[in-house]
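>>> please work out how this folds:
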Amino acid sequence: MKKYLMTILMLASFAVLCSSTVMAKERKINYKVKNGTMIITGKSGMPDHVDFGKKKSTKNIKKLIIKKGVTSVSDDAFKNCKKLKSVKLAKTIYKIGYNAFEGTALKRITIPKSVKYIGIFSFNNCKNLEEVTAPGDFSLLGSDEFSINNNVLKKLIFNTPIKCDYNLACTQFNTIDYVVDKNDKNYSSHNGDIYSKDGKKLEFVSRHKIDFKIYNKCETIYTYAFNHALGDDCYVTCDKIKKITIPSTVKHVLYECHDAFFPNTVFDVDTSGMGTDDICRLCMFIRLRNTEKYLSKDVKREGNVLHVREKKLYIDDDYDDIYFTEPQKYDNPVTVETGSAEVDPFSNPTEVDVTRTENREYYKFSKEMAGKRITFNVKEDGLFILITNGNIKLYNEKSKLVSLYPIVKAGEKFYLQLPETMTKKYSVKYAYVVNLNWKSLDTEDVDEIYQVGNGGYQYFDFSMKKTRDYDVRITDYKNAGLANISFVIQKKVGKKWKDRTTQRKMVTGKDWMQYSGLSTGSFARHFLTNLEKGKYRLKIKAKKGAIYTVFGNRIENSGKAPVKMVSNRKKAPELFEREAGIDEDGVSDFYRKGHFTQTNAKTHWYKFTKDIKASGRIRVEVNGASTGKYEVSLYKKGSSKKLRTKYINPGKILKNPKKSWDNGVVNFRVKKKGVYYVKIHRFNKKSTASYVCSFQYLQARV
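Numbering: from 1, shown residues only. Have a look, this model is predicted:
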């Protein structure tokens with residue numbers, strides 16, 4: 001029996017040893033430990049999960065060196081290595097897994113600029129950790145409701161510009177002070193807080209701040225600086241601040257959120273530089289108790305009304321929230337104050353003043369208002385946008401029915417005719433005037449430009465500071481599908497404008513995005529184009545009287561994997577593993593993004609090593625191709641013969657779009673292990689496009 005048991009144990013040990021050897025062989029990762037120092041070498045990512053802290057030979061390491069070539073750090077890799085004080089990470093690493101350095105003795109660490117993903121809890125329970133240097137453009141692995149470290153750092157230093165959505169690089173590290181990268185063109189740091197580059201606008205405050213003083217050159221406070229968006233529907237506020245000092249240099253308070261909470265905060269505010277509206281917004285932001293206590297020089301209360309200089313604010317029934325407008329006010333003109341945030345919806349107003357402030361689901365009408373007319377007093381010149389949840393009949397002062405979206409002038413009056421029969425509540429979701437004078441898509445604080453077609457060409461300028469994708473979204477409002485909208489993107493070359501795309505049209509496809517809430521209906525479509533550095537303009541044509549909007553968005557080509565394009569098969573770069581593509585079953589996605597411009601090569605090569613049996617596929621998606629034809633071919637190492645070839649024809653896609661995006665996709669199923677090469681070739685060097693080349697495992701990597 002003992003001999004039999006010994007045989008089983010030997011076989012089991014041999015199986016584990018073989019498994020470890022195979023993993024090491026597949027991942028090409030090696031490590032050695034000498035005198036308390038661990039050195040890791042290799043040419044790929046570490047295994048998905050490793051825990052050196054549980055091994056006798058590695059749990060007591062004091063120093064870690066990861067050499068160039070290693071591309072990722074495993075989940076739990078150095079968790080429980082309680083004596084680990086020094087870490088040097090290679091500049092080839094792009095991912096740090098969950099709990100990777102949890103419970104270590106690190107005091108400070110530098111995370112290379114190459115790192116694009118950092119897992120939650122990576123530095124949890126690192127009680128000595130005081131300072132972290134990290135990229136400003138990484139993405140979080142795991143739920144955005146959790147952080148990277150549960151202890152609070154003294155300082156977080158960014159070694160790249162802050163670029164990530166929701167400022168995740170700011171919020172997911174718990175820290176007291178921030179230091180912005182000196183090359184950041186958008187942000188700067190003062191006293192540990194984040195401001196605009198010129199220091200005049202407050203952008204971001206640590207939620208672990210205790211004593212907060214506004215920088216002495218700051219002129220504008222964005223209130224969202226105190227309200228951190230960690231991700232979808234997850235917010236935290238700077239409620240630990242004991243004192244906030246606002247100097248006289250501050251002129252403007254822009255109220256962009258209403259959830260800030262200062263229960264035990266002392267305010268030292270000099271409002272001498274602020275206008276009345278800005279003091280009003282400050283009152284709304286710090287709430288009633290703090291307003292009465294710290295702004296008594298500017299504010300006087302009478303019942304549910306706050307008098308702020310020459311203006312009035314209103315207190316809700318709970319005597320806490322403050323509004324620009326009085327709740328439940330009937331049969332009086334409604335004025336929407338610029339800068340107000342959420343306010344209680346008005347019920348059954350008979351008169352409304354229309355300005356350039358947009359309001360959603362603001363005015364509501366009950367059944368007893370059926371058949372009545374509502375007066376709209378236009379206060380500014382522009383395009384009158386009126387959107388409701390029912391059929392609209394709009395009349396001018398002469399009681400003549402007018403077409404929707406009229407061009408208006410300040411002082412004009414219009415009348416909304418409510419339906420004779422109202423089976424449910426009727427609401428006006430939007431009632432505002434938009435400016436028609438914008439000519440540049442580079443204009444700050446303007447999400448989209450409204451325009452009225454004149455039957456000829458109209459132009460909108462924009463610029464590109466480097467090569468990347470540019471997304472043009474056009475929405476056809478009034479003549480949905482009938483406005484005959486077409487456009488060309490032109491680049492300024494010398495003193496002339498030259499086409500950089502073929503003519504594109506708003507052709508109806510199967511998957512158009514339909515905007516809800518518009519009684520006339522509307523359609524929007526995205527047009528993606530790859531553009532080099534330079535000055536551009538959108539040359540657009542629409543049917544006379546058509547109402548449309550244009551939105552321009554610059555998209556980083558690099559995504560989360562470094563862009564590396566070569567025209568030589570021998571130098572083809574490996575596809576990078578994208579953590580965001582790994583689902584709960586462990587299926588992986590390896591990819592790179594690239595682009596064809598009029599100055600780079602006609603052929604680009606990529607390589608992928610399939611080292612396990614799980615089936616997969618090579619996928620190439622070409623986006624925003626301006627013209628021409630593309631060939632995608634698959635090769636295997638050791639052979640010059642193509643395994644398979646497929647083509648993408650942008651011309652057909654543009655004429656018959658199946659989606660709201662212009663894209664073409666080819667797939668190659670790959671079953672056998674080996675090294676594969678992908679060639680992406682354009683037949684015409686004037687053809688420009690961006691693309692994603694990826695390998696996707698179609699089952700868990702086991």
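>>> quick check: the residue nearest to residue 254 when sequence neighbours are not counted vs residue 170, distance?
Nearest residue to residue 254 in three dimensions, chain neighbours excluded: residue 222, at 5.3 Å (Cβ to Cβ, 6 or more residues apart in numbering). Heads up, the C-betas are built off the backbone N, CA and C, glycines and all. In this view, residue 222 and residue 170 are 14 Å apart by Cβ to Cβ, to the nearest Å.
>>> which of these two has more neighbours?
Taking neighbours as other Cβ atoms under 10 Å, residue 222 and residue 170 compare with residue 170 leading, 23 against 19.
>>> state the distance from that one to residue 369.
Distance from residue 170 to residue 369, by Cβ to Cβ: 47 Å.
>>> how about residue 289?
Taking Cβ to Cβ as the criterion, residue 289 is separated from residue 369 by 38 Å.
>>> what's the answer for residue 503, then?
For residue 503 relative to residue 369 (Cβ to Cβ), the value is 48 Å.
>>> the more surrounded of those two?
The neighbour count for residue 503 versus residue 369, taken as other Cβ under 10 Å, is higher for residue 369 (19 against 11).
>>> check what pLDDT that one gets.
Looking at residue 369, its pLDDT stands at 86.
>>> swap in residue 52?
Looking at residue 52, the pLDDT reads 94.
>>> test my guess that it contacts residue 60.
No - here residue 52 does not reach residue 60: they are 10.0 Å apart, not a contact under Cβ atoms under 8 Å.
>>> tell me which of those two has more neighbours.
Neighbour count, other Cβ under 10 Å: between residue 52 and residue 60, residue 52 has more, with 22 against 14.
>>> ok now do the more buried one, which residues does it touch?
38, 58, 59, 61, 77, 78, 81 (Cβ atoms under 8 Å, 6 or more residues apart in numbering).
>>> next, count neighbours for the first one.
Number of residues near residue 38 (other Cβ under 10 Å) recorded here: 21.
>>> quick check: closest non-adjacent residue to it.
In space, residue 38 comes closest to residue 61 once its chain neighbours are excluded; the distance is 4.6 Å by Cβ to Cβ, 6+ apart.
>>> figure out the helix or strand that that neighbour lives in.
In the assignment (DSSP states H and E), residue 61 maps to no helix and no strand.
>>> for it, give its distance to residue 77.
Shown here: residue 61 relative to residue 77, a distance of 11 Å by Cβ to Cβ.
>>> so where do the helices sit in the stretch 501-650 of the chain?
In the stretch 501-650 of the chain, the helices defined using DSSP state H, counting those that start in this stretch lie at 650-655.
>>> quick one: the strands in it?
With DSSP state E, counting those that start in this stretch as the criterion, the stretch 501-650 of the chain has strands at 504-505, 513-514, 523-531, 534-541, 547-555, 576-578, 589-596, 603-610, 616-623, 630-636, 644-648.
>>> name the stretch from those strands where average model confidence is lowest.
With a mean of 48, strand 513-514 has the lowest mean pLDDT of the strands of the stretch 501-650 of the chain.
>>> report the buried residues of stretch 598-617.
600, 603, 604, 605, 606, 607, 608, 609, 610, 611, 614, 616 (16 or more other Cβ atoms under 10 Å).
>>> skipping its backbone neighbours, what lies nearest the first one in space?
I take that to be residue 600. Residue 600's closest residue in space is residue 565 (Cβ to Cβ, 6+ apart), at 6.6 Å.
>>> burial measure for the one you found, as a count.
Residue neighbour count, defined by other Cβ under 10 Å, stands at 21 for residue 565.
>>> and it, what is it in contact with?
Residue 565 sits next to 594, 595, 600, 601, 604 when contact means Cβ under 8 Å, 6+ apart.
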